[in-house]
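Asks: give me the fold of what follows.
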Amino acid sequence: MKLYRLHSKQLLPISIDEAWNFLSDPNNLRTITPQNMSFTITSGNELPMYSGQIVQYIVKPFPWYTTKWVTEITHLKEGEYFVDEQRFGPYALWHHKHFIKKIEGGVEMKDVIDYKIPFGILGRLANYIIVRKQLHRIFNYRAEKLIQLFGSIDGHKHELQIK
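Replies: Take a look at the predicted model:
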């Protein structure tokens with residue numbers, strides 16, 4: 001299986017506290033996920049984020065596919081970063097690191113996702129044809145939604161790359 005990496009970076013004109021409070025609240029995932037994905041948290045969103053937290057979702061990544069997704073918050077340093085890892089779901093591996101740091105005029109938000117698709121060569125083909133494009137669409141939507149909610153710094157939009 002091939003390991004893929006998604007790297008996303010966005011600058012927001014808000015404080016570290018505002019960024020952390022928004023990004024570390026699982027309930028805000030619905031706000032920054034495209035509506036057609038029918039993203040619903042089914043459990044694990046009752047308490048503030050902590051290491052070991054299990055969050056369960058139902059998501060429809062494609063019109064023809066609905067799945068349950070279970071992630072665990074495996075690492076967390078308040079105000080700086082957290083890591084969520086898929087425990088059950090559509091990927092063979094999903095390891096998502098969220099970083100925020102103070103910069104002049106606001107914060108820099110980075111996401112680094114390492115993921116694998118199951119099904120060998122068919123999974124590689126699916127990543128090339130479908131999954132990669134869907135991840136671009138999701139993260140571009142997320143970036144636009146964050147700009148709507150918080151604005152941007154000097155017109156900086158969003159940097160996104162999948163290797």
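
Asks: now the helices: where do they sit in this protein?
Replies: 16-23, 120-126, 132-150 (DSSP state H).

Asks: I'd like the ones you listed as JSON lines, with distance to L29 appended.
Replies: Where C-beta positions appear, they are placed from N, C-alpha and C, glycine not excepted. As requested, the helices of the chain are exported to JSON lines (distance: least, C-beta to C-beta, whole Å):
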{"stretch": "helix 16-23", "distance to L29": "9"}
{"stretch": "helix 120-126", "distance to L29": "24"}
{"stretch": "helix 132-150", "distance to L29": "9"}
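
Asks: can you get me a residue count around N45?
Replies: N45 has 18 neighbours, counted by other C-beta atoms under 10 Å.

Asks: actually L47, not the one I wrote
Replies: By other C-beta under 10 Å, the residues close to L47 number 8.

Asks: where are the low-confidence patches of this structure?
Replies: Residue ranges of the chain with pLDDT under 70: none are present.

Asks: for it, which strand is longest?
Replies: In the chain, ranked by residue count with DSSP state E as the criterion, the top strand is strand 65-77.

Asks: re the thing from before, which of the helices of the chain sits closest to R5?
Replies: Nearest to R5 among the helices of the chain is helix 132-150; the distance by C-beta to C-beta comes to 11.0 Å.

Asks: does D25 touch E46 like I think?
Replies: No - using C-beta atoms under 8 Å, D25 makes no contact with E46, being 11.3 Å away.

Asks: please identify which of those two sits among more neighbours.
Replies: Ranked by neighbour count (other C-beta under 10 Å), D25 and E46 place D25 first, with 13 against 10.

Asks: run a quick neighbour tally on the residue lying closest to that one once chain neighbours are set aside.
Replies: Nearest residue to D25 in three dimensions, chain neighbours excluded: M49, at 7.2 Å (C-beta to C-beta, 6 or more residues apart in numbering). Residues lying near M49 (other C-beta under 10 Å) number 18.

Asks: let me know the outermost residue of the chain.
Replies: Using C-alpha atoms, centre = their mean, the residue of the chain lying farthest from its centre is I121. It sits 25.2 Å away.

Asks: can you give me the distance of that residue to P90?
Replies: Note on I121: its distance to P90, by C-beta to C-beta, to the nearest Å, is 18 Å.

Asks: likewise for T33?
Replies: According to C-beta to C-beta, T33 stands 15 Å off from P90.

Asks: can you report how many residues neighbour the residue lying closest to D84 once chain neighbours are set aside?
Replies: Nearest residue to D84 in three dimensions, chain neighbours excluded: T71, at 4.4 Å (C-beta to C-beta, 6+ apart). Neighbours of T71 under the rule other C-beta under 10 Å: 21.

Asks: cheers, nothing more for now.
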